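In: next come a sequence and a model predicted from it.
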Amino acid sequence: MNKVKQMAKSRKVLKTDADVIAAYGGTARTARRWDVSQAAVSQWRITGVPPGHHYRMSKDLEGNGFIVDGQSLGWI
């Protein structure tokens, strides 16, 4: 079972960009999943996930059982 599905079993509510990155298994796995550099993902921890990824990430994570709190994340 992959890391995303393992973590989703707990129905974790994601409230920060760091929570989102952790849900994917960390910086390297998030970078591979979204075809960006690890440096970009590290920057997301500081500046937030770029708006162009919000919808796709939330749908991906919700599809794997996570609850994405878009309001806390500033995504909505």
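Out: Sure, I can see it.

In: what about the helices in the chain?
Out: For the chain, applying DSSP state H gives helices covering 3-8, 17-23, 27-34, 38-47, 51-63, 70-73.

In: could you identify which of those helices is most buried?
Out: Across the helices of the chain, the average number of neighbours (mean count of other C-beta atoms under 10 Å) peaks for helix 17-23, which reaches a mean of 19. Backbone N, C-alpha and C define where each C-beta goes, glycine included.

In: how about residues contacting it?
Out: The contact list for helix 17-23, computed with C-beta atoms under 8 Å, 6 or more residues apart in numbering, reads 4, 7-8, 12, 14, 27, 30, 41, 44-45, 48-49, 57, 61, 64, 66, 68, 73.

In: try it again at 6 Å.
Out: Outside helix 17-23, the residues that touch it by C-beta atoms under 6 Å, 6 or more residues apart in numbering are 7, 14, 30, 44, 45, 48, 49, 61, 66.

In: about what we covered before: turn the helices of the chain into JSON lines, including mean pLDDT.
Out: Output for those, formatted as JSON lines (pLDDT from 0 to 100):
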{"stretch": "helix 3-8", "mean pLDDT": "57"}
{"stretch": "helix 17-23", "mean pLDDT": "95"}
{"stretch": "helix 27-34", "mean pLDDT": "97"}
{"stretch": "helix 38-47", "mean pLDDT": "96"}
{"stretch": "helix 51-63", "mean pLDDT": "93"}
{"stretch": "helix 70-73", "mean pLDDT": "84"}
